[in-house]
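[1] sequence below, structure please.
(one chain, ligands or ions: 2)
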Amino acid sequence: MSLFSLSGFGVGYRDSDRLHPAVEAIDLDVPAGRHLAVLGESGSGKSTLALALAGLLPANAETNGMLSRPGFAAPPRLGRDIGLVFQDPGGSLDPLMRVGEQIAEARVVNRGGTWRAARGLAESWLARVSIPDPPASARKYPHQFSGGQKQRIALAAALVSEPALLIADEPTSALDTMSQYAIMGLLKEIAAERGLTLVFVTHDIALASGIADDIAVLYRGRLVESGPAARIFSTPSHPYTAALLATRLDLAKPRPRRFAEIDPRDFSLHVPGGAHE
Ligand SMILES: Nc1ncnc2c1ncn2[C@@H]1O[C@H](COP(=O)(O)OP(=O)(O)OP(=O)(O)O)[C@@H](O)[C@H]1O
Ligand SMILES: [Mg+2]
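    Ligands and ions are numbered 1, 2, ... in the order given. All right, here's what the predicted structure looks like:
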């Protein structure tokens with residue numbers, strides 16, 4: 001079953017009397033339970049596609065072609081059926097509200113139940129996304145956390161309502177590489193635990209390769225390639241995808257060694273009495 005099915009789908013943005021196409025002629029299925037990475041350079045239409053799926057296109061957008069939602073019984077409700085995480089966690093977190101309260105509020109608004117139960121869930125979600133000391137953290141405000149922690153909290157706020165689908169638009173691109181991979185690993189774990197469908201927007205093919213079952217590559221508003229990640233990484237059919245892969249040659253190389261595997265001799269360290277002397 002597909003959550004979304006797009007056929008000849010396009011979006012243009014109106015600017016006075018002109019319509020500027022942003023994505024065109026998209027044929028794409030988003031099957032339930034799979035993880036789709038939407039790849040492409042800046043301006044290729046990734047966010048436009050993500051916003052169209054979320055039903056969040058701005059007022060000056062005009063669509064054409066077909067976008068159906070066969071996997072949803074009723075029109076999906078944002079927050080409850082579809083969770084969203086954006087690049088800037090500031091965009092999803094309220095700076096004036098304690099983080100525990102905002103996670104709990106999302107739960108109460110989207111799923112009902114008591115505040116007491118929702119606060120309990122908020123703390124367990126803070127623990128699940130590895131925020132230290134959840135009861136104390138729940139009482140803090142967003143500015144008291146690092147960028148990576150804020151993004152984990154935004155993830156908890158999106159997932160506490162148990163949506164079937166999470167749409168994440170470059171959720172880690174503002175973070176350093178280690179935090180990016182840590183959050184991606186966490187997202188992959190949680191998605192597997194909950195059977196969550198994931199639509200993950202990124203321009204980073206290495207990051208996408210760690211999480212995606214399927215890949216959709218946008219180039220200048222066109223879907224130039226889509227299908228299972230393994231097939232696309234081994235035999236890309238479009239020159240743009242091949243070029244993207246070539247910029248990340250490390251994908252083809254063995255994994256970098258873990259810290260524990262690094263030999264101190266690599267750094268010509270002087271280790272008095274050490275095994276390497
Ligand atoms: N609200 C808007 N009004 C008018 N044009 C827009 C709007 N949002 C996006 N566009 C245009 O649509 C095209 C696709 O933009 P989009 O934001 O979808 O790209 P993107 O792939 O997400 O880029 P990035 O990697 O920089 O986030 C661009 O030409 C952009 O200028
Ligand atoms: Mg974007």
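[2] wait, a helix at G83?
    No - counting by DSSP: H, G, I helix; E, B strand; the rest coil, G83 is not found in a helix; it is strand.
[3] what's around it, how many residues?
    27 (other Cβ atoms under 10 Å). In this view, the C-beta of every residue, glycine as well, is placed from N, C-alpha and C.
[4] got the residues of the stretch 151-277 of the chain near ligand 1?
    The stretch 151-277 of the chain has residues H203 near ligand 1, with proximity defined as Cβ under 6 Å from any ligand atom.
[5] so where's the stretch 151-277 of the chain shaky on pLDDT?
    248-277 (pLDDT under 70).
[6] any chance you could map the strands in it?
    165-169, 197-202, 214-219, 222-228 (DSSP state E, counting those that start in this stretch).
[7] find the nearest non-adjacent residue to the residue in the stretch 101-250 of the chain positioned nearest to ligand 1, please.
    Proximity of the stretch 101-250 of the chain to ligand 1 (Cβ to the nearest ligand atom) peaks at H203, 5.4 Å away. Residue nearest to H203 in three dimensions, not counting chain neighbours: E41, with 6.0 Å by Cβ to Cβ, 6 or more residues apart in numbering.
[8] A104 versus the one you found, what's the distance?
    Using Cβ to Cβ, to the nearest Å, one gets 39 Å for the distance from E41 to A104.
[9] so these two - more neighbours on which side?
    The neighbour comparison of E41 against A104 (other Cβ under 10 Å) goes to A104, with 26 against 13.
[10] now do the contacts for the closest residue to that one other than its chain neighbours.
    Of all residues not flanking A104 in the chain, A118 sits nearest, at 3.8 Å (Cβ to Cβ, 6+ apart). Residues near A118 by Cβ atoms under 8 Å, 6 or more residues apart in numbering: I103, A104, E105, R107, V108, V160.
[11] now the helix or strand encompassing A118: average pLDDT?
    Assigned by DSSP states H and E, A118 belongs to helix 115-128. Here helix 115-128 scores 98 as its mean pLDDT.
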